[in-house]
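>>> the amino acid sequence is not available; the structure is as follows:
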């Protein structure tokens, strides 16, 4: 399966799941805070890339008690986090500074995290948004 087909299938599955009549009146969404989220797809320089196809690092996201942290390709990152009515602000971002095997990916990932200003959760999927546009999709880890 090529990348374009995989991306279309992933986007279709997310849209179908969010519109499914069986979900009406049910709230089985994962919680934004207290959940470990792992990136499955993100906007790499204007092109959606499936993270697993790139043999890259962890690309995780955790939000707890006003703090955000996780791991990119090989570095840990951290910052502060506020949320109100689906709008988010991430500030005071920092990270460790090791040179990663996929440094371009990590730089892009950290830019997406730091510039996010909204989010949406559908089931076990978290979409990070910038100005209403999906920049990354994460899956809740159990």
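Perfect, I can see it now. Note that the structure is predicted; figures quoted are calculated from it, not measured.

>>> C-terminal to the worst-scoring helix or strand of the chain on mean pLDDT, what's the next element?
Lowest by mean pLDDT, DSSP states H and E among the helices and strands of the chain is helix 3-19, with a mean of 46. Using DSSP states H and E, the helix or strand that follows helix 3-19 in sequence is strand 36-44.

>>> mind listing residues that contact that next one?
Outside of strand 36-44, the residues that reach it under the criterion Cβ atoms under 8 Å, 6 or more residues apart in numbering are 7, 10, 48-52, 58-62, 70, 104-105, 108-109, 112, 126, 134-141. Any C-beta I mention is one placed from the backbone N, CA and C, and that applies to glycine too.

>>> report the buried residues of stretch 87-100.
Using 16 or more other Cβ atoms under 10 Å as the test for burial, stretch 87-100 gives 88, 90, 95, 100.

>>> I'd like to know how many residues surround the spatially closest residue to the third one that is not a sequence neighbour.
In this structure, residue 95 finds its nearest non-sequential neighbour in residue 77, 3.9 Å apart by Cβ to Cβ, 6 or more residues apart in numbering. Neighbouring residues of residue 77 were enumerated by other Cβ atoms under 10 Å; the total is 20.
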